[in-house]
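Structure for the following, please:
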Amino acid sequence: MSEVLADRKCKACEGGVQPLTRAEAARYQEKLAADWTLSTDGKSIHRAYKFKNFFRTMGFVNAVAFIANEEDHHPDLEVGYNYCNVRFTTHAVKGLSENDFICAAKIDRLQQ
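Sure, this is the predicted structure:
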């Protein structure tokens, strides 16, 4: 984890590997913006975004979609007029993987 997460590329995940433990996930979370929340069961991370209007919200959503497609790792999104809630989990491992944190870090760069 010594290199910057946002500079990494997601690896294909077909299952058969163990999800990150809650402690491992907490260490990865420290590398993200402070607004990311680790779920109590340690199986997902979440961040809520607020925007000025629908246009800005959709611009963000489109940027997230681009990142997700480039990385082939897709979040669950909840979108409304001026908000977007982003949730990552790796379904193939039924919990968190490094890919979730890589994508979250790439999304963090959108706010810089």
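
what packs against the host helix or strand of residue 101?
Residue 101 is part of helix 98-110 when elements are defined by DSSP states H and E. Packed against helix 98-110 by the contact rule (3 or more Cβ pairs under 8 Å, 6 or more residues apart in numbering; DSSP states H and E) you find helix 22-29, strand 45-50, helix 54-71, strand 83-88. Yep, even glycine has a C-beta here, placed from its N, CA and C like the rest.

and with 7 Å instead?
helix 54-71, strand 83-88 (3 or more Cβ pairs under 7 Å, 6 or more residues apart in numbering; DSSP states H and E).

Poorly predicted segments of this protein, please.
1-3, 15, 112 (pLDDT under 70).

on that earlier part again, now the helix holding residue 101: buried residues?
98, 99, 100, 101, 102, 103, 104, 105, 106, 107, 108 (16 or more other Cβ atoms under 10 Å).

for stretch 58-69, same thing?
Quick answer for stretch 58-69 (16+ other Cβ under 10 Å): 60, 61, 64, 67, 68.

could I have that stretch exported to PDB, CA atoms only?
What follows is stretch 58-69, C-alpha atoms only, in PDB (Å, rounded to 0.1, in the frame of the first residue of the first chain):
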ATOM      1  CA  MET A  58     -25.000  14.500 -13.100                       C
ATOM      2  CA  GLY A  59     -21.500  15.700 -14.100                       C
ATOM      3  CA  PHE A  60     -20.100  13.900 -11.000                       C
ATOM      4  CA  VAL A  61     -22.200  10.800 -11.700                       C
ATOM      5  CA  ASN A  62     -20.900  10.600 -15.300                       C
ATOM      6  CA  ALA A  63     -17.300  11.000 -14.000                       C
ATOM      7  CA  VAL A  64     -17.800   8.200 -11.500                       C
ATOM      8  CA  ALA A  65     -19.300   6.000 -14.300                       C
ATOM      9  CA  PHE A  66     -16.200   6.700 -16.400                       C
ATOM     10  CA  ILE A  67     -13.900   5.600 -13.600                       C
ATOM     11  CA  ALA A  68     -16.000   2.500 -12.800                       C
ATOM     12  CA  ASN A  69     -15.900   1.400 -16.500                       C
END
